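> Provide a 3D model corresponding to the input given below.
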Amino acid sequence: MFPLLIACIAPTSRPEVPGKARDTINQAQRNIQTNETSISHLQEIPILPEISDPAGVDVLKRAATAAKTKSQLHFLPSPHPQLKHDLIATSFHPIPPPPRLSLPELQCSALNRALHPICFATMPIRPLDDWVEGRTQSLPLSALKGTVVGIDASFYLDRHLKNQSTREALLGALGGFPFALKANIEKELQTFKNLGVGCIFVFNGLDFGKKQKDLRNRAQAASVRSFEQAWDLYDQQQADQVVDAFSNAGMIFYLYPFPSWSTSAPDVGDIHWILPSYATTTDQYCYSGTPPPETLYKFLQRILNQNGISFLVAPYSAAAQLSYLARGSSPIVDAVFGPSETLMFDLDKLVVRIDSEPAKFHWITKQTCQEELGRLSNDQFVEFCLLLGSSFLRSFPLFENPAFPGKHPAVRDALPMFNAAGRSALTLCAQFEDDRRIQDLEYTDRYKRAFLVVKHHVYMDIDGRVVPLDPETTSSDLHELIGQRLPEELYFYLSKGILGAEVPNFLTSGEVCISLPLGAEDTEVFRHLVGDTLTPIRTQSISLLANSLHRFYQTKVIQIRPWFDENSENRKINLREIPSVKETIQSWKVPGDQYPETIKKLQAPRGSIKFAIQSVKNTEFVSKSFATKETPILSAQEDILSNVMWRFLQLRGYVDAKHNLTTWGKVLEQALSTVDQIDELEEAIFIAIEMLRFDLLNTKGWFSHVSGGPMRGSEEDKTFNMLVSRVACIAKLQHKSIGYSGPLSRQLLCYRSLISEVRYALRNLIEVVLAGLLLSGEADRDRSDWSELGIKLPFIDDNDCGLGIAVRTYLDDLPLQANPTSPEARSEVKSKGKEWFQHSESFNGNLELAFKLWDAVYKGTQTAGKEIKDSKLWEDANEWLSERR
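Predicted structure coming up:
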């Protein structure tokens, strides 16, 4: 295997190009200026050894043909060669090789061979997208029959979130995930299947390079201003402008032709889209009022798994991985759906649009782009694309128009400047080296880094090896540009969705960067939550993962850098000083055949929170739950998930080291005992108990400075309404697959952001528990259900504040009745629900769901004893609610 140390440098205010890389870049500059396309002198630089590698790892293997009737591409594990023993972390154990499978070649039609390889466009180069729109070719979508299409997951999600036909206008004001997204995705996947087109989705993996904080700050400021304006319109009851204002919040507009597949425009209030053939997008600096695609990764992976569609998480950029899948020695895909920046990775053709009526796709060739841009060479094309701006580098400041800050540059304006500089990006930078914009951004150094990152990006090959592009000319200190290398076993788990990139990013970068999410108020309670309260959970997650890796990671110091205190040295996690988290939970390794009969008869599904809590109540089970040296490794999926849950509950303090319920464990058990599996409230109850422990589930007026709180009745009515509504916020509004139409609440949106942060931290922790169990060799790794393991863990779905708004609206309208507690008054107010929430599945059903959650949480509080400071408040609120529900 080609050894490569990949390490990530923590972002600093002044990025430095490392010594050897600087020499490399300077030589590359000379080569580029003399039209040399290679940087072969890099061969002289020795390669550093890897930090750590597993003794053997499961790897991906291509094992299926793309027959015309086949719509799924399978990857199966295969053995990995033994690596240097002196660099192996002792926690890794060899993985027994699964049976080898034959690898038949992909079957391609004549048309497919003519188009191979095709790339479908996630993080597009916006100016290039505008420019190529009139230069595309098209074919009927049926021409792709019998092929396998690689799809960039981020771009695919981004299209759904921002395209005019599928964008849910009020999503930013409600939070959570789009209501129609699942239905829209499944409809499109069915279209592929009906046409006989196979799919494999590729997700972005770990962060690479240095984060550009200046762009993040600009984006955040612009988005906050636009959302403030939208909320001002809502508070002024400007109904005719509110929906458009929220839909456009955080976005700098231009008309971007992008017809949708086959989904109709969302019915949002009384607003009708007037430009159905155009999508509204934003440039690289702006955040829209939609969740980042990365937050929907697990959501999409679950949909793909349910529909029999394969997916792969790239080690770093999905664009580089897609390029390899299409261009490798044994191509796995015939077409790729990814970002326009994928053209920088030597792909010849790129599909830029798919129309549903008529069903056809549009593509652009790289050669056409190069010819019409003045016959640019391959390297010149890459340079020009980098200067236009992408995920690798912000646009060249002199390309931007000061009169329109944040607006992306146009190709017609940028190309003459590039030509005048001899078609050399570095010459162009040198011409303006005294310009303050170039100096402040350290743009020349950033460009040099970006150029090498593209040239030598890292991907996973079909044997599971994580290697750079053009390895023969790769610098030994590429880790300074990409990131610190992780064991290949961990890259494999990442590729299968066992864990996300967040915690590995913390380890490799050495910092936890926290920004203020759009929709969250910059309040003291939010700052305290993300900057301090959640630090113990993050510490457990980072430490537990580091425990299974090389000692290099076990001794790192991780800086916590929230947006309000980025340069502080006081917030940090010193892994060297933390006792092994792994050793505290290793006693949990209980195979299913050791369960007592009473445990086997429990109705809760194995692997669920309720099953884990109920089983620990059984003394016979507890006595048999401690692992010994003779305990076999776990094999069955439900056994692995159950032990992950027990370990997770112990880390969160619901189970102690003796495998008994703690006080909070008893609170959780009582709360869960009130609901059935069909209610689907298990995760909401768990998060509610966590919110109680963090003293976040109360009636404190953290957000009284914004609108949306209870308005009617006595002060007591308002107080109890607030508490019940906050509890309801933790669950999800049951809504039809269509954009939301109904009342809003800025207060509950702010409170929702607290819930979302807690959920996100819990998801990271439970993923690392699963990864740690696998890394330690405590589970059978000769398996084919990798993707299912990660998907079946809880805390995937983010909550909206819709259910809280429904409860608040109902309880706030009761005081208008002559007798608010009478059955007639309650019935009359409930009958208005259909008018308030036009597309909810059932207003009464939503209220019942919210009140079931309340009952569960309330019962838990009655068990907490002194752990709950304001138990009297809960008792009074429950009595008040019982007369109004």
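> what are the C-alpha coordinates of stretch 820-839, in PDB please?
Provided in PDB are the C-alpha atoms of stretch 820-839 (Å, rounded to 0.1, in the frame of the first residue of the first chain):
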ATOM      1  CA  PRO A 820     -62.100  27.600  28.700                       C
ATOM      2  CA  THR A 821     -62.200  24.300  30.500                       C
ATOM      3  CA  SER A 822     -65.600  23.200  29.300                       C
ATOM      4  CA  PRO A 823     -65.800  20.300  26.800                       C
ATOM      5  CA  GLU A 824     -67.700  22.600  24.400                       C
ATOM      6  CA  ALA A 825     -64.900  25.200  24.400                       C
ATOM      7  CA  ARG A 826     -62.200  22.600  23.900                       C
ATOM      8  CA  SER A 827     -64.200  21.000  21.000                       C
ATOM      9  CA  GLU A 828     -64.800  24.400  19.300                       C
ATOM     10  CA  VAL A 829     -61.100  25.400  19.500                       C
ATOM     11  CA  LYS A 830     -60.000  22.000  18.200                       C
ATOM     12  CA  SER A 831     -62.300  22.400  15.200                       C
ATOM     13  CA  LYS A 832     -60.300  25.500  14.200                       C
ATOM     14  CA  GLY A 833     -57.200  23.400  13.800                       C
ATOM     15  CA  LYS A 834     -57.900  22.500  10.200                       C
ATOM     16  CA  GLU A 835     -57.900  26.300   9.400                       C
ATOM     17  CA  TRP A 836     -54.700  27.000  11.300                       C
ATOM     18  CA  PHE A 837     -52.800  24.000  10.100                       C
ATOM     19  CA  GLN A 838     -54.100  23.300   6.600                       C
ATOM     20  CA  HIS A 839     -51.800  20.300   5.800                       C
END
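> Going by neighbour count, list what's buried in it.
Judged by neighbour count (16 or more other Cβ atoms under 10 Å), stretch 820-839 contains these buried residues: 820, 825, 826, 829, 833, 836, 837, 838, 839. Where you see a C-beta, it was placed from the backbone N, CA and C, and this is true even at glycine.
> For the stretch 151-300 of the chain, just list every one of the strands.
With DSSP state E, counting those that start in this stretch, the ranges of strands along the stretch 151-300 of the chain come out as 198-203, 255-257, 278-280.
> Output the contacting helices and strands for the longest one.
Applying 3 or more Cβ pairs under 8 Å, 6 or more residues apart in numbering; DSSP states H and E, one finds that strand 198-203 contacts strand 148-152, helix 153-162, helix 181-194, helix 297-306, strand 310-313, helix 318-327.
> Next one: residue 871 relative to residue 865, how far apart?
Between residue 871 and residue 865 the computed distance is 8 Å (Cβ to Cβ, to the nearest Å).
> Could you do residue 697 as well?
17 Å.
> Then residue 794?
Noted for residue 794: a distance of 27 Å to residue 865, by Cβ to Cβ.
> Comparing those two, which shows the higher neighbour count?
residue 794 (19 against 11; other Cβ atoms under 10 Å).
> Centre-most residue in the chain?
Nearest to the geometric centre of the chain sits residue 294, at 2.6 Å (Cα atoms, centre = their mean).
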